[in-house]
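K.L.:
Sequence plus the predicted model coming up.
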Amino acid sequence: MSKQQTEPTKDVYAEFNQNFTKLYNSLEKSNPQYLQSFTHLQQECLGAWKNFIESSLMLQQQYATKSGVNANASEVTTKAIREVTDEMIKTFEVQNKITFTILDTMRQNVKTLNENASAFAGLNQNIIKVWLSSWAARNQ
């Protein structure tokens, strides 16, 4: 005859809270590593892009020089290149401003949600009390 061992019972909410805290602490530790990894990736991508463009230009310049191609550009052409570059820079600056505004707005929304979480919990608690009192009244 085998003895059945029973596990001591534990409040499921206390168990959940304990495990959530453990999970949260683990995620919180890895957050700086994610940020650092994204920063390194971005730096590597920018460096690769710069290297690709500079290498391509150097190769084209060498080819033009060795093959005798006239690489002189008219004032109209150089002005157009400068204007396109300036417009691209302006576009990137606007894009960055929009992105930073969106990120700041998202952060503010999360902050507001966090600040109001207790109030939401209190409202939900009141709703549950009303529901339970109406069910209790019906069952009597």
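P.N.:
Nice, thanks for sending it over.

K.L.:
Off-centre distance for the longest helix along the chain?
P.N.:
The longest helix of the chain (DSSP state H) is helix 75-139. Using CA atoms, centre = their mean, to the nearest Å, the mean C-alpha position of helix 75-139 is found 12 Å from that of the whole chain.

K.L.:
Give me the mean pLDDT for the helix or strand where residue 25 lies.
P.N.:
Per DSSP states H and E: residue 25 is located in helix 12-67. Mean pLDDT, helix 12-67: 95.

K.L.:
Tell me which residues touch residue 136, please.
P.N.:
Contacts here follow CB atoms under 8 Å, 6 or more residues apart in numbering; on that basis residue 136 touches nothing. No exception for glycine: its C-beta is placed from N, CA and C like everyone else's.

K.L.:
distance of it from residue 126?
P.N.:
Using CB to CB, to the nearest Å, we find residue 136 at a distance of 16 Å from residue 126.

K.L.:
got the domain boundaries for the protein?
P.N.:
The chain breaks down by automatic domain parsing into domains covering 12-69, 80-140.

K.L.:
From residue 136, how far out is the residue positioned nearest the centre of the chain?
P.N.:
Nearest to the geometric centre of the chain sits residue 103, at 8.5 Å (CA atoms, centre = their mean). Distance from residue 103 to residue 136, counting by CB to CB: 48 Å.

K.L.:
likewise residue 108?
P.N.:
On the measure of CB to CB, residue 108 and residue 136 end up 42 Å apart.

K.L.:
With residue 16 instead?
P.N.:
Using CB to CB, we find residue 16 at a distance of 27 Å from residue 136.

K.L.:
cool, and residue 94?
P.N.:
60 Å.

K.L.:
now swap in residue 106 and tell me
P.N.:
43 Å.

K.L.:
Same question for residue 15.
P.N.:
In terms of CB to CB, residue 15 sits 28 Å off from residue 136.
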